[in-house]
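K.L.:
Got a predicted model here, sequence first, then my questions.
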Amino acid sequence: MSGDAVIAKALSKQYGPKWALRSCSLAVPEGRLCALVGPNGAGKSTLLQLAAGLIKPTAGRIEVLGSVPRQDAAWLGQIGYLAQDIPLYRRLSAGELLGMGRHLNPKWDDAVARGRLTDLGLPLDRPVGLLSGGERAQVALALALGKHPRLLLLDEPVASLDPLARREFLASLAAANSESDLTVVLSSHLVADVERICDYLIVLSASQVQLCSDVEGLLAAHRVLSGPRRQTATVTGKYEIVTEQHTERQSTFLVRADRPVDEPWWDVSEVGLEELVLAYMRRGRNGVPGDLHVDDAAGGRAEAVAI
């Protein structure tokens, strides 16, 4: 893996007077399992539809697997896309859908698709409309993986599933990612669901990218500082402040620190992924533009990206 599966530069999409995405820049390295996280209406579905070539940008540019998304068989053969409502022909059985996939996809791997459903104990002869929501999601995932895509785009596939079905779906997804060079972009507004399996993170808020980087690096670069309010100047002058809270005597900051925090009057603690994501969502909602540090896929180099 030496390149980026998805690159966007100043990407924007407008519907009438509303901006679904605005001036978004990001990069997703190949082979990663990327969480695309944000509140409802943040632009997650729009970004995935742009990456899948289903819609065209109003401004800016997006490249997927080295080229501009387009509606031709050769390019689409490299992409798996699963919409939020899990569209399947409900009168057809899983076995019949697998047969359809075999006829429509030249690189179809029936052993992979059929094997996943068999391992899960899903009936292949029952109409999918009679299956549970979790079972239908697993059928859709098997169909997407059966075409051997290089990039899999998933739009909130677990939003309507119960906790057990969500866990089983995400476990299947993580296994597929670990078994091949597949790149996955998984959209969700449930941080707890994706933090167990994703190693890369994009945070969207108010139609803009707030974060885009490696999860481990992001957690290592942020700290929570708590201490006396009279010492706030020692923080504001040294670190990038993501969020801050104050009482009459106490101050708490979530900061991005490129070096160790060693001021003796501050209590320093690590930040969890959910806390980090919520902080950047809040910052975006308050109208603060993202200040990205996008990892270079080849060498792990970080560079600032203005949006």
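P.N.:
Good, I have the coordinates.
K.L.:
What segments of the stretch 201-307 of the chain are helices?
P.N.:
Assigned by DSSP state H, counting those that start in this stretch, the stretch 201-307 of the chain shows helices spanning 215-221, 233-236, 273-285.
K.L.:
ok, of those, where does mean pLDDT dip lowest?
P.N.:
Between those, the one with the least mean pLDDT is helix 233-236; it has a mean of 82.
K.L.:
With just CA atoms, put it into PDB.
P.N.:
Only the C-alpha atoms of helix 233-236 are listed here, as PDB (Å, rounded to 0.1, in the frame of the first residue of the first chain):
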ATOM      1  CA  ALA A 233      -2.400  32.000  29.700                       C
ATOM      2  CA  THR A 234       0.200  29.300  30.000                       C
ATOM      3  CA  VAL A 235      -2.100  27.100  27.800                       C
ATOM      4  CA  THR A 236      -3.500  29.600  25.300                       C
END
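K.L.:
Can you list the buried residues in that helix?
P.N.:
Val235 (16 or more other C-beta atoms under 10 Å). C-betas here are computed from N, CA, C, even on glycine.
K.L.:
can you check stretch 126-145 too?
P.N.:
By 16+ other C-beta under 10 Å, the buried positions in stretch 126-145 come out as 128, 131, 134-145.
K.L.:
Assign Asp181 to helix, strand or coil.
P.N.:
coil (DSSP: H, G, I helix; E, B strand; the rest coil).
K.L.:
The residue nearest to it when sequence neighbours are not counted in helix, strand or coil?
P.N.:
Counting by C-beta to C-beta, 6 or more residues apart in numbering, Gly31 is the residue found nearest to Asp181 once chain neighbours are left out, at 5.3 Å. Assigned by three-state DSSP, the conformation of Gly31 is coil.
K.L.:
Please determine how far Gly31 is located from Thr183.
P.N.:
6 Å (C-beta to C-beta, to the nearest Å).
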